[in-house]
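Participant: Structure of the sequence below:
(2 chains)
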Amino acid sequence: MSMRDSERNKDHAPGHAPPRKSRRTFLKSVVAATPALGLPGCASRHGAAQARAPVYFTPEEAAFIDAATQRLIPADELGGGANEAGVTTFIDLQLAGAYGRAERWYMQGPWPRGTDQQGFQLKYTPARIYRDAIGRMEAHCRQQHGKPFAQLDPARQDDLLHALEKGKIDLGDIPAMTFFAMLWQNTREGYLADPAYSGNRDFAGWKLIGFPGPRYNYVEDIENFGKPYEAPFVSLVGRDPSAYLRGES
Amino acid sequence: MARRERPVDVVLVGFGWTAAIIAQELTDAGVQVLALERGEFRDTVPDFATDTIQDKLRYAVRKQIFESPERETLTFRNSADQTALPMRHLGSFLPAAGVGGAGVHWNGQCWRFLPQDFEIRTHTEQRYGRKFIPESMNLQDWGVTYDELEPHYDRFEYLCGVSGIAGNIGGVRQPGGNPFEGARKRGYPLPPLKRSASTVLFDKAAREAGFDPFPCPAANASKPYRNPLGVQMGQCTYCGYCEWFGCGNYSKASPQTTILPVLLKKDNFSYRTRCNVTRVNTDNTGKRATGVTYVDVDGNEVEQPAGMVVLCAFAQHNVHLLLLSKIGTPYDPTTGRGVVGRNYAYQITSSVDVFQKEILNPFMGAGALGQGVDNFNGDNFDHGPLGFIGGGYIALWNTGGRPILQHYLPEDAPTWGSGWKKAMHDNYLTATSIATHGSVMSYRSNYLDLDPAWRDDYGSPLLRLTFDFQPNEHAMSDYLTDQATKIAQAIPGATHHVKKRDGHYSIVPYQTTHNTGGAAMGADPATSVVNRYLQSWDVPNLFVMGASVFPQNAGYNPTGTVGALTYWAAEAMKRYLKNPGPLVAA
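Facilitator: Sure, this is the predicted structure:
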């Protein structure tokens, strides 16, 4: 056995006490993929209008995402929608990070079109898909309706989203259905992911459905058949993720 | 010029379940063993601590617990008349990279295959006649029997601390267990997990439908457990972060929680991480492996000489290495000759989502917390009038309620907008899903080979997967789904949504990581890559582990059988090391 191997084994000898992972460590790992970001500063509990400036999106793109995601998940009698939950900020940070860069995807060309069963075959990263698709969508809105998407009335916005979903809007190289599926998937993620990722603000998504957050132990609860589980909502970063994201905890 | 490392007795390619078992067994026998792992070192502390690992977005949605296809992937097509294209990101199946392999992120669903599964050709011909088998199907016996593997299943189950109720001890049926299972020497090491509301619901409905439900065997510890190696496991807390996560609680069996604490202390064992093995080297006869070549983290090519080589990577990666190393005859689908890449198989899944009123708290769960029925698995039912081969289990798994991916909505629920929100609100806590998990046989037209066009970062051809579901599998899966629907219909006041598996196989939606074959085991070198001891027919000092040796796939999760085969092969390797040569005459 070489010295290097033997040392490596000792480094990883089991039985050390678990080091308590600090929230700062988690925060670092969350933002590590977003070099332009630094520390997340002014995430707000008062909705998208007061959210921090986008990292990846231009203001116009952010306005499109605000408007589109709020139609996908509207505010209604069951609670806040995508805007109140911070979905735009969530998607913005995702696109600024590893996901936006398709960092873990095989992205070597050439780029022939495949069958549906062969899956994603576009040469564009998610960040680029958003940029190009939003640009095309806004051009379509101005041409057909004389206004950007965000200024159209909700019924017209819904019609446009339905058309996108059915692949009936020309987005150039990007199939409309691909963009819609990505937007809707990322919107749901932003609504339902752990608030540590800046979406699901004030547990909006989890309150809607009744998911209490990541918890460690249900040994005493799992056999309480039919009974609601009542415990405060909790995030990976504690019970007040907004304060955490502001750097106050 | 490749750097040359000091020779070792045995080199293992990969450091997951099979490598950990082989290493433990061979080092006990006094042999010097080195494992080469392409991923990182990972352990319960600090990598799977609950405040780190319960991160749905990072690990499960963005798939950071799995292998990354960025540098090497495979290409895929449904049939040989199509052009294969690369799998750009993971979807249908989720192999791992890193120490522990997929044994870190598996659920712990730890089954034995049925005795007939290992002799499926003989059994099918005897019961239904030779003509019952479609001509396009490569139906093969395994060359090993259930009775031969039984002690090795037992060892793996006691290593893992499997929780469950035996259905058959020494031929005597046991109340509460699976009445269809093969005879076992003794019961499971631990009693079954606690039940959740949804598994209780399933149990009642399955009985109502006339079936025989039992708690599915779980490598999630229902109680504290010390395994035969002296490694201590903790009681499962039903946190719901098991499937697609590492366990933070030492409750889910993995190499880390069952073997590594002992193995890593041994002087005759070592491992290196971030070493990507690119080929097995052979001498000028082509009949003897001399070691392996790998690319290290700095991109340097390194030669590692070894007296014996064991492929312990994920199923298709083992096959890829055999093809790149030109060991064994590659399969040719036009002639049906050749063996490496032949008999690739998978599984076929479907589900019936159930909507009812009782609060189920789906987020309280465990990776292998389930209640199942085996009435329609293997040949547990008469296939004569049905006309297909194979089967599967039907189960309700309560693995967790992680909201992004684990929620069920009625068929008529709007796909977005306020209607979607209301459907999420109304159903998240009360909906559940019954799964079917069906076998896939091997066919002439489903295989693995080297892609002529696409390459990985090391300049090697990518593996090419040519696969589609065949009429036999659709017929079987539809039948299985109909039986699952009967269970759903027996749940009082419930409505349901039947999700059959229609059409061509797609690499997009997640189905299962139970990829098998390509290096089939068997009794005949004309139809298998390795003999019954998982030893290469062509290169006797090369062994191939894992599900790549399955001649076709059964209707169960494969890990229990992979574990048993690994212990079986380890015994054979010890005999080989004392007296090198072919363990079976070709």
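Participant: List the contacts of B:T278.
Facilitator: Residues near B:T278 by Cβ atoms under 8 Å, 6 or more residues apart in numbering or on different chains: B:T293, B:Y294, B:V295, B:E301, B:L324, B:Y458, B:S460. All C-beta atoms are positioned from the backbone trio N, CA, C, and that covers glycine.
Participant: Widest-spaced pair of these?
Facilitator: B:E301 and B:L324 (13.8 Å; Cβ to Cβ).
Participant: So for the two, which sits in the more crowded spot?
Facilitator: A count of neighbours by other Cβ atoms under 10 Å in any protein chain shown puts B:L324 above the other of B:E301 and B:L324, at 18 against 13.
Participant: Hmm, that one is touching B:R279, no?
Facilitator: Yes. Between B:L324 and B:R279 a contact is recorded at 5.2 Å, counting by Cβ atoms under 8 Å.
Participant: Give me the below-cutoff pLDDT ranges for chain A.
Facilitator: Applying pLDDT under 70 to chain A flags residues A:1-51, A:249.
Participant: and the residue in the stretch 151-300 of chain B that chain A sits nearest to, what element?
Facilitator: In the stretch 151-300 of chain B, no residue comes nearer to chain A than B:S270, which is 3.4 Å away by Cβ to the nearest Cβ. Per DSSP states H and E, B:S270 falls inside strand B:269-272.
Participant: just the contacts of B:T278: which has the poorest pLDDT?
Facilitator: Within the contacts of B:T278, B:Y458 has the lowest pLDDT, namely 89.
Participant: Scan chain A for its longest helix.
Facilitator: Longest helix in chain A by number of residues, with DSSP state H as the criterion: helix A:126-145.
Participant: Helix or strand next in line after that helix, which one?
Facilitator: Counting by DSSP H and E, the element after helix A:126-145 in chain order, helix or strand, is helix A:154-165.
Participant: Compute the inter-axis angle for the following helix or strand past that following helix and helix A:154-165.
Facilitator: On the C-terminal side of helix A:154-165, the nearest following helix or strand under DSSP H and E is helix A:176-192. Interaxial angle of helix A:176-192 relative to helix A:154-165 (axes from the mean of the first three to the mean of the last three Cα atoms, to 10 degrees): 120 degrees.
Participant: Could you check helix A:176-192 against chain B for contacts?
Facilitator: Yes. Residues of helix A:176-192 contacting chain B under Cβ under 8 Å from any Cβ of the partner chain: A:W184, A:R188, A:E189, A:L192.
Participant: list the contacts for the nearest residue to B:Q470 once chain neighbours are set aside?
Facilitator: Spatially, and ignoring its direct neighbours in sequence, B:Q470 is nearest to B:Y443 (5.7 Å; Cβ to Cβ, 6 or more residues apart in numbering or on different chains). Taking Cβ under 8 Å, 6+ apart, we find B:Y443 in contact with B:S136, B:M137, B:N138, B:Q470.
Participant: Would you write a PyMOL line that selects the buried entries of these?
Facilitator: Here is the PyMOL command that selects only those of the contacts of B:Y443 that count as buried (16 or more other Cβ atoms under 10 Å in any protein chain shown):
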select buried, chain B and resi 137+138+470
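Participant: Out of the contacts of B:Y443, which two sit at the greatest distance?
Facilitator: Across these, no pair lies farther apart than B:N138 and B:Q470, at 11.4 Å, counting by Cβ to Cβ.
Participant: what pLDDT does the residue of the stretch 151-300 of chain B closest to chain A get?
Facilitator: Predicted confidence (pLDDT) for B:S270: 98.
Participant: how much space between B:L323 and B:L311?
Facilitator: Relative to B:L311, B:L323 is positioned 12 Å away (Cβ to Cβ, to the nearest Å).
Participant: Which one's more surrounded, the two?
Facilitator: Neighbours were counted for B:L323 and for B:L311 using other Cβ under 10 Å; B:L311 has more, 31 against 24.
Participant: Mind listing the residues bridging to that one?
Facilitator: On the basis of DSSP bridges, B:L311 is bridged to B:V13, B:V544.
Participant: Is it in contact with B:L321, as I believe?
Facilitator: Yes. Using Cβ under 8 Å, B:L311 is in contact with B:L321, at 6.0 Å.
Participant: joint contacts of those two?
Facilitator: Residues touching both B:L311 and B:L321 (Cβ under 8 Å, 6+ apart): B:V13, B:V280.
Participant: contacting residues around residue 233?
Facilitator: Going with chain A. Neighbour list for A:F233: A:F203, A:W206, A:K207, A:P212, A:G213, A:R239 [criterion: Cβ under 8 Å, 6+ apart].
Participant: nope, chain B
Facilitator: Residues near B:M233 by Cβ under 8 Å, 6+ apart: B:G161, B:A221, B:P224, B:Y225, B:R226, B:N227, B:Y250, B:S251, B:A253, B:T257, B:T258.
Participant: Show me the shaky parts of chain B.
Facilitator: Ranges of chain B meeting pLDDT under 70: B:1.
Participant: Please tell me how far the most far-flung residue of it relative to its centre sits from A:A75.
Facilitator: For chain B, the residue at maximal distance from the C-alpha centroid (Cα atoms, centre = their mean) is B:S418, at 40.0 Å. Here B:S418 is placed at a distance of 9 Å from A:A75 (Cβ to Cβ).
Participant: Backbone dihedrals for the residue of the stretch 1-150 of chain B found nearest chain A, please?
Facilitator: Of all residues in the stretch 1-150 of chain B, B:Q54 sits closest to chain A, at 3.5 Å by Cβ to the nearest Cβ. For B:Q54, the backbone dihedrals (degrees, to the nearest 10) come out as phi -80, psi 50.
Participant: rewinding a little: so which of the contacts of B:T278 are in strands?
Facilitator: Judged by DSSP state E, strands contain the following of the contacts of B:T278: B:T293, B:Y294, B:V295, B:E301.
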